[in-house]
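Colleague: Below are the sequence and a predicted model for it; my questions follow.
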Amino acid sequence: MWEQVRSNRIRSVVLVGMMAALLLVVGYLLGEAFLGNPIGGLIIALAILLVLNLVAFFQGDNIMLAISGARKITRDDHPRLYNIVEEMKIASGLERMPDVYIIDDPAMNAFATGRDANHASVAVTAGLLQALNRDELQGVVGHEIAHIKNRDVLLMSLCGVLLGAIVILAWYGSRMMLFGGMAGGRRSSRGGGGGGGIIIIVAIVLAILAPILAQLIYFAISRKREYMADASSALYTRYPEGLASALEKLAGSKIQVKGANQATAPAYIINPFREKGRAAADLTSTHPPISERIRILRSMAGGASLVDYDHAYRSIHKGGKPVFSTATLAGTGAVGIRAAVPEAAPAGREPGKAERTREVSDLMWRMNKYDTLTCECGTKLKIPPDFKRSNVKCPHCGRINNVKQR
């Protein structure tokens with residue numbers, strides 16, 4: 001497995017280098033077009049690249065968690081989720097327990113972030129916790145733990161920053177061109193000329209194409225890693241159907257993630273964007289086709305090992321390139337598939353959907369600092385933290401309940 005991770009990391013470093021080179025080319029040409037000094041534009045691009053990479057390395061995880069509205073929880077807040085993350089941490093061999101976050105969002109999704117395994121976090125949405133049973137949630141968490149184990153999280157943070165920098169430079173360049181800043185700058189600095197005109201045309205074309213090219217490079221990095229994370233999740237959980245069923249539910253959801261953007265989208269387990277009111281499309285931009293990922297997982301009838309996933313992948317792709325190298329597969333042993341955990345089991349076991357919904361709802365109320373007032377009829381009233389009145393009427397029985405002054 002480590003050989004495969006190292007091979008993917010080398011290819012990813014090359015692709016990240018291509019993104020950095022693209023950023024520098026954009027800076028060089030925009031400097032020539034607007035400043036009359038390509039070296040000045042190159043220096044500015046280098047400065048932007050350095051600053052944003054430092055930000056991505058040291059604060060990229062906190063930025064993504066803040067953008068998504070994620071809130072850190074403890075074991076007491078949601079024991080079921082915390083225990084599953086702990087189980088997957090042990091199964092994967094991580095030395096440190098990742099921090100666990102919940103996003104108050106009805107959409108179904110999850111992501112992992114952090115610069116390394118010692119500074120990693122796993123975040124899941126409230127909608128995901130309500131909809132998935134234990135096996136399905138375990139499959140999703142195993143997928144995200146695999147991204148941490150395979151050291152994908154830092155790479156995706158750096159790629160997101162580079163993509164953002166290229167888009168920003170290209171955006172400002174196009175605005176300056178539209179408002180005539182380019183022409184004035186060129187006349188004052190060089191007085192025009194055939195060679196200058198060619199540079200301007202190239203700058204315009206690159207300003208348009210650079211974000212698209214950067215996005216394609218970004219997706220090239222992301223897609224192969226999703227297959228590896230799916231395979232690793234099947235290995236950690238020993239139950240491929242759990243992740244397959246979870247992906248099926250996620251794909252059928254019609255709710256977009258509110259806190260996602262184009263730079264952070266590849267970090268989620270499935271593409272968080274879709275047409276309003278419609279389920280996720282199969283051909284998503286940031287991830288492999290969802291139906292294909294499900295088919296591969298459900299074709300792992302022989303076991304839950306990397307070899308079984310590789311065989312299933314090849315059967316779906318009909319002779320395509322394997323996910324794992326021969327050396328990686330040679331060092332793996334057989335892993336059997338375990339039985340599913342029954343849903344809605346007796347007390348103390350797996351909760352059903354109604355219990356999960358109530359569990360998550362109560363947690364969200366607490367995290368948003370709502371107080372609970374119980375009416376004499378048994379109705380629990382949720383009192384927001386900024387509630388100013390001294391009493392509240394029960395919607396069920398009509399009683400007037402006094403609110404404790406805070």
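Modeller: Perfect, thanks for sending it.
Colleague: Could you use CA atoms for every contact and neighbour count after this?
Modeller: OK.
Colleague: I'd say Thr113 and Tyr101 touch.
Modeller: No - the criterion here is C-alpha atoms under 8 Å, and Thr113 misses it with Tyr101 at 10.7 Å.
Colleague: Buried residues in the one helix or strand Asn62 maps to, which are they?
Modeller: Following DSSP states H and E, one finds Asn62 within helix 38-68. Residues of helix 38-68 classed as buried by neighbour count (16 or more other C-alpha atoms under 10 Å): 38, 40-42, 44-46, 48-49, 52-53, 55-57, 60-61, 64-65, 68.
Colleague: following it, which helix or strand comes up?
Modeller: strand 70-73.
Colleague: hmm, who's touching that next one?
Modeller: Contacting residues not belonging to strand 70-73 are listed as Leu65, Asp99, Val100, Tyr101, Ile102, Ile103, Asp104, Ala123 [C-alpha atoms under 8 Å, 6 or more residues apart in numbering].
Colleague: and if you look at stretch 50-58?
Modeller: Applying C-alpha under 8 Å, 6+ apart, the external contacts of stretch 50-58 come out as Arg115, Leu154, Ser157, Leu158, Val161, Leu162, Ala165.
Colleague: and this protein, what are its domains?
Modeller: Residue ranges for the domains of the chain, per automatic domain parsing: 2-270, 368-406.
Colleague: Would you mind confirming that Gln256 is in contact with Ile270?
Modeller: No - using C-alpha under 8 Å, Gln256 is not in contact with Ile270, being 10.9 Å away.
Colleague: just the helices in this structure please.
Modeller: For the chain, the helices defined by DSSP state H cover 2-30, 38-68, 79-92, 126-131, 134-149, 153-178, 181-189, 194-237, 240-252, 290-298, 306-317, 326-330, 353-367.
Colleague: Select from these the stretch with the lowest mean pLDDT.
Modeller: Ranked on mean pLDDT, the bottom entry among the helices of the chain is helix 181-189, at a mean of 47.
Colleague: hey, which of the domains of the chain is tucked in deepest?
Modeller: Highest mean neighbour count of the domains of the chain: domain 2-270, a mean of 20 (counted as mean count of other C-alpha atoms under 10 Å).
Colleague: residues in contact with Lys149?
Modeller: Here Lys149 is in contact with Ser92, Leu94, Ala117 (C-alpha under 8 Å, 6+ apart).
Colleague: Show the model's pLDDT score for the last one.
Modeller: Right, Ala117. 89.
Colleague: any idea how far it lies from Val153?
Modeller: Shown here: Ala117 relative to Val153, a distance of 9 Å by C-alpha to C-alpha, to the nearest Å.
Colleague: cool, the first one as well?
Modeller: Counting by C-alpha to C-alpha, the separation of Ser92 from Val153 is 15 Å.
Colleague: Same question for the second one.
Modeller: Look at Leu94 and Val153: by C-alpha to C-alpha, they are 14 Å apart.
Colleague: Contacts only, for Thr113.
Modeller: Asp61, Met64, Ala120, Ser121, Val122, Ile148, Val153, Leu154, Ser157, Ala267.
Colleague: and these, which two are the farthest apart?
Modeller: Farthest apart among the contacts of Thr113 by C-alpha to C-alpha are Met64 and Ile148. That separation is 15.2 Å.
Colleague: Now do the shared contacts for Thr113 and Tyr101.
Modeller: Ser121, Val122.
Colleague: does Pro385 really touch Met367, like I thought?
Modeller: No - judged on C-alpha under 8 Å, Pro385 makes no contact with Met367 at a distance of 11.0 Å.
Colleague: which residues touch the closest residue to Gly139 other than its chain neighbours?
Modeller: Nearest non-adjacent residue to Gly139, counting by C-alpha to C-alpha, 6 or more residues apart in numbering: Leu243, 4.2 Å away. Leu243 sits next to Asp135, Glu136, Leu137, Gln138, Gly139, Val140, Asp230, Ser233, Ala234, Leu297 when contact means C-alpha under 8 Å, 6+ apart.
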